[in-house]
Each structure stands twice: as structure tokens, then as C-alpha cells.
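Trainee: quick one: sequence plus predicted model below, questions after.
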Amino acid sequence: MIALFVAILFWLAGTILMGASFYLTNKLRETGEHLLKDAEHEKGKDNSASLARAIEGNILEHIPSYVVHMATGVIGALFLAFGFVALAFYVH
């Protein structure tokens, strides 16, 4: 019975991961914009903090969305496959 529960948990985790790519892409873009705005506000006060935030913001802005979609899709598919492996233990 525990194998069936584990299989369902893996399937839920895989489904959530596969759907989370759209949320993560949006969150990365928002965070990058927020860091770039903070870098502009810090420009006159602390140049090193401004530079660090600008670099971080630019890195987040330049992450292609297809990389996030592919990574979460592959990891989600692996979790779905692990769910079927756990189901095999339940059936066996």
C-alpha cells in the first residue's frame, strides 16, 4: 500500500514540476527587473551593491525561458517515471 502512495506522490510532484515552468519563468523575470530597479536606486549610495545587483539582474534577464521549460519538463518526466517504478513495486 505504501508503494501506491509513493507512486501517487511522484506523479503529483512530476505534474507540479512540469506545470511550474511557467510560474518560474515569470518569477525570474520579475526578480531580474526588481534587482535592476534596486541597482538604479543604489547607484549613488553604494556603488559595489549597485554593481552586484545589476550583474545579478542582467543574469536573470538573460536566462532563456526554453531552458527553464526544458529543465522542469525533464525533471517532471523523471518523477513521473519514478512513479511508475513505485507502481511496479505495488503490483509485484
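Mentor: Now that the structure is in, tell me what you want to look at. Residues are numbered from 1 along each chain as shown.
Trainee: what helix or strand is E56 on?
Mentor: helix 47-61 (DSSP states H and E).
Trainee: what comes up buried for the very next helix or strand once past that helix?
Mentor: Following helix 47-61 in sequence order, the next helix or strand is helix 65-91 (DSSP H and E). Applying a neighbour-count criterion of 16 or more other CB atoms under 10 Å, the buried positions in helix 65-91 are 68, 72-73, 75-76, 79-80, 82-83, 86-87. C-beta: built from backbone N, CA, C; applies to glycine.
Trainee: ok so, going back, and the helix holding E56, how far out from the chain's middle?
Mentor: Relative to the centre of its chain, helix 47-61 is centred 20 Å away, using CA atoms, centre = their mean, to the nearest Å.
Trainee: residue contacts, T72?
Mentor: Shown in contact with T72 (CB atoms under 8 Å, 6 or more residues apart in numbering): 17-18, 20-21, 24.
Trainee: which two in the residues you listed are spaced the farthest apart?
Mentor: For the contacts of T72, the maximum inter-member distance is 11.4 Å, found between M18 and L24 (CB to CB).
Trainee: so what pLDDT did A88 get?
Mentor: You'll see A88 listed with a pLDDT of 88.
Trainee: circling back to that earlier point, which one of the contacts of T72 sits closest to L36?
Mentor: Compare each of the contacts of T72 with L36 using CB to CB and the shortest gap goes to L24, at 18.7 Å.
Trainee: run a quick neighbour tally on that closest one.
Mentor: Neighbour count of L24, defined by other CB atoms under 10 Å: 16.
Trainee: in this structure it contacts V68, no?
Mentor: Yes: counting by CB atoms under 8 Å, V68 is a contact partner of L24 at 5.4 Å.
Trainee: re the thing from before, let me know the closest of the buried residues of helix 65-91 to G32.
Mentor: Of all the buried residues of helix 65-91, G32 sits closest to V68, with 12.6 Å by CB to CB.
Trainee: distance of that closest one from L36?
Mentor: 19 Å (CB to CB, to the nearest Å).
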